[in-house]
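# Here's a sequence, model it:
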Amino acid sequence: MKSLNTNGFYRFLEWLMWIMYLNLLWIISSLLGLIVFGIFPATMALISTIREWHVNEEISFHKSYAKAYKQYFIKSNLMGFLFLVVGYILFVDLQWIIQNTSTFQFLFLTVFIVLAFIYIITLLYTFPIMAHFNLKISHAIKHAIIIGVFSPLVTFIMGTILILLQYLWRFIPGLLPVIGVSLTFYIITRFSIIAFERFEVKQKKLLEKENNPIMKGGTRTCIRFI
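Sure thing, here's the model as predicted:
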């Protein structure tokens, strides 16, 4: 039992070491892109490396990270700036809704909440989807919305943990520059992979139902999934 506890502790230390190393790589690569053009490729490379780490523990972190950074440099910047523009538009809309005291304020606020929810889901899942499936930006965004909506439990748990992390950074701010970014995206990536796997299982089951329709009262019942 003591040996098992010791092995588990060493594995945790090894995991923590790589989390710290990935955080350092993210900082360096963000600076290499002058932050403005480096932060999104650095984030994409971080997610891609974490995904590869999940599949194969024996990886070269530096090589995997550098390869992903170059591969997704342009695409991740395009997608990142797109999210910034949409986020800014939503922020401006919120300010307008707050200042607008008309009878339609509640309606506008309801629409805003729905759009903001879709935006957050898309933001959480799009980068992991790009790393996992290597899709076009438009397809990645569409799949992010679908997977996020059809994985409510995973999305809720992920969001809850991310909120709790914010309290951890406030309580121990010294951890933020050491593991803040890498740990955050480690959680996002791992939960995204869970959502992808569950979504694929649902798709397979629904395809099986389509290929083997149930006959009820002489009527063929087929279920189609987008």
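# got the residue ranges for the helices in the chain?
Using DSSP state H, the helices found in the chain span residues 2-32, 39-55, 61-71, 73-99, 105-133, 137-149, 152-171, 181-211.
# and those helices, which is most packed in?
Ranked by mean neighbour count under mean count of other Cβ atoms under 10 Å, those are led by helix 39-55, which reaches a mean of 22. The C-beta positions use only the backbone N, C-alpha and C, and glycine is treated the same way.
# Give me the helices and strands touching it, please.
Counting contacts by 3 or more Cβ pairs under 8 Å, 6 or more residues apart in numbering; DSSP states H and E, helix 39-55 is packed against helix 2-32, helix 61-71, helix 73-99, helix 105-133, helix 181-211.
# May I see the helices of the chain organised as CSV, with mean pLDDT added?
Converted to CSV, these look like this (pLDDT from 0 to 100):
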stretch, mean pLDDT
helix 2-32, 88
helix 39-55, 95
helix 61-71, 94
helix 73-99, 94
helix 105-133, 93
helix 137-149, 93
helix 152-171, 95
helix 181-211, 89
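# residues near Val36, how many?
By other Cβ atoms under 10 Å, the residues close to Val36 number 11.
# on that earlier part again, generate CSV for the helices and strands packed on helix 39-55, with distance to Ile141 as supplementary columns.
CSV is the format used below for these (distance: least, Cβ to Cβ, whole Å):
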stretch, distance to Ile141
helix 2-32, 23
helix 61-71, 19
helix 73-99, 8
helix 105-133, 6
helix 181-211, 14
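# nearest to Ile146, of those helices?
Taking Cβ to Cβ, helix 181-211 is the member of the helices and strands packed on helix 39-55 nearest to Ile146, at 7.9 Å.
# Now do the closest one against helix 39-55, angle only.
With axes from the mean of the first three to the mean of the last three Cα atoms, to 10 degrees as the basis, helix 181-211 and helix 39-55 are set at 60 degrees to each other.
# Return the distance of helix 181-211 from the chain's centre.
11 Å (Cα atoms, centre = their mean, to the nearest Å).
# Check which helices and strands it sits against.
By 3+ Cβ pairs under 8 Å, 6+ apart, helix 181-211 packs against helix 2-32, helix 39-55, helix 105-133, helix 137-149, helix 152-171.
# Go ahead and name everything in contact with the last one.
Outside helix 152-171, the residues that touch it by Cβ atoms under 8 Å, 6 or more residues apart in numbering are 120-121, 124, 148, 175-176, 180, 183-184, 187-188, 191-192, 194-195, 198.
# then stretch 134-149 to CSV, C-alphas only?
Output of stretch 134-149 as CSV, limited to C-alpha atoms (Å, rounded to 0.1, in the frame of the first residue of the first chain):
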residue,chain,number,x,y,z
ASN,A,134,-8.4,19.4,-37.6
LEU,A,135,-11.5,21.0,-39.2
LYS,A,136,-12.0,24.3,-41.0
ILE,A,137,-12.9,27.3,-38.7
SER,A,138,-16.5,27.4,-39.8
HIS,A,139,-17.0,23.6,-39.3
ALA,A,140,-15.2,23.7,-35.9
ILE,A,141,-17.5,26.5,-34.6
LYS,A,142,-20.6,24.6,-35.8
HIS,A,143,-19.4,21.4,-34.1
ALA,A,144,-18.5,23.3,-30.9
ILE,A,145,-22.0,24.5,-30.6
ILE,A,146,-23.5,21.1,-31.3
ILE,A,147,-21.2,19.2,-28.9
GLY,A,148,-21.5,21.8,-26.2
VAL,A,149,-25.3,21.8,-26.3
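# Thank you kindly, that will do.
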